[in-house]
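Trainee: this is the structure alone, sequence omitted:
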C-alpha cells in the first residue's frame, strides 16, 4: 500500500508494509472500548496490552470500509462505513513483528454510541489466540493505568476530544514499536 508521510514538514511517498484502520469507540459515559491482548499466547507470563478495535486494510479496501469490517469481526458492531468520517489520528513507523517487517501505519476513527455488548465470535483464529477480554475505560482509569495501551498518546487524544471536540485534521500519535 502506498501513502504519504510528512516528517518535519517534508512529505514523501511511502510504501506501507501494513496499513490498519482502528476505532476509538466512545459510549454515552465517554468511556473508550479497548481489547485486551496477550503478547505471547503460548506464555501467559509475557504480559498483555490493550488496543483499540481494528486491524489490517485489505488491498484496494477504503479505510472506512476496513474499519467497519473490523468492528463487525472483532466486537460484533455493525456500522455503515460512510458514518465514520475521516481519521482523527494516525501513527506510523518501522516495525519488525516477526510475520512482517517494514513501515506500518494505523489510522484511527472516532465513533460514538450509547452502549454496545461486545460479541467476539466473529474474530479470526489468530485474533482469538491473542484475545484476553475487553473493557470500557474512563479517561481517569487510562491515566492511572500501568498497563501497555495502544495507541501511545490515546489519553491526550481523548482529553482533546473531550475538551475541544473531534480534531478536524488527523493528529499524529507516537509510534508504538
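Mentor: Everything's here; your move. Source: prediction; values computed, not measured.
Trainee: need phi/psi at the nearest residue to residue 123 once chain neighbours are set aside.
Mentor: Distances taken as CB to CB, 6 or more residues apart in numbering place residue 74 nearest to residue 123, at 5.7 Å, with adjacent residues excluded. Placement of C-beta: from N, CA and C, glycine included. As for residue 74, its main-chain torsions (degrees, to the nearest 10) stand at phi -90, psi -30.
Trainee: now residue 36
Mentor: phi -90, psi 130.
Trainee: tell me the bridge partners for it.
Mentor: Listed by DSSP bridges, the beta-bridge partners for residue 36 are residue 50, residue 133.
Trainee: could you report the neighbour count for the residue nearest to residue 123?
Mentor: 24 (other CB atoms under 10 Å).
Trainee: which residues touch it?
Mentor: 35, 53-55, 120, 122-123, 127 (CB atoms under 8 Å, 6 or more residues apart in numbering).
Trainee: which neighbours in the sheet does the longest strand along the chain have, and how are they oriented?
Mentor: Longest among the strand segments of the chain by residue count, using DSSP state E, is strand 101-112. If you go by DSSP bridges, strand 101-112 pairs up with strand 18-26 (parallel), strand 89-96 (antiparallel).
Trainee: mind checking how far the longest one is from the chain centre?
Mentor: Just to be clear, that refers to strand 18-26. Centroid separation for strand 18-26 versus its chain: 3 Å, with CA atoms, centre = their mean, to the nearest Å.
Trainee: quick check: bridge partners of the most centrally placed residue in the chain?
Mentor: Nearest to the mean C-alpha position of the chain, by CA atoms, centre = their mean, lies residue 22 at 3.4 Å. Under DSSP bridges, the beta-bridge partners of residue 22 are residue 54, residue 108.
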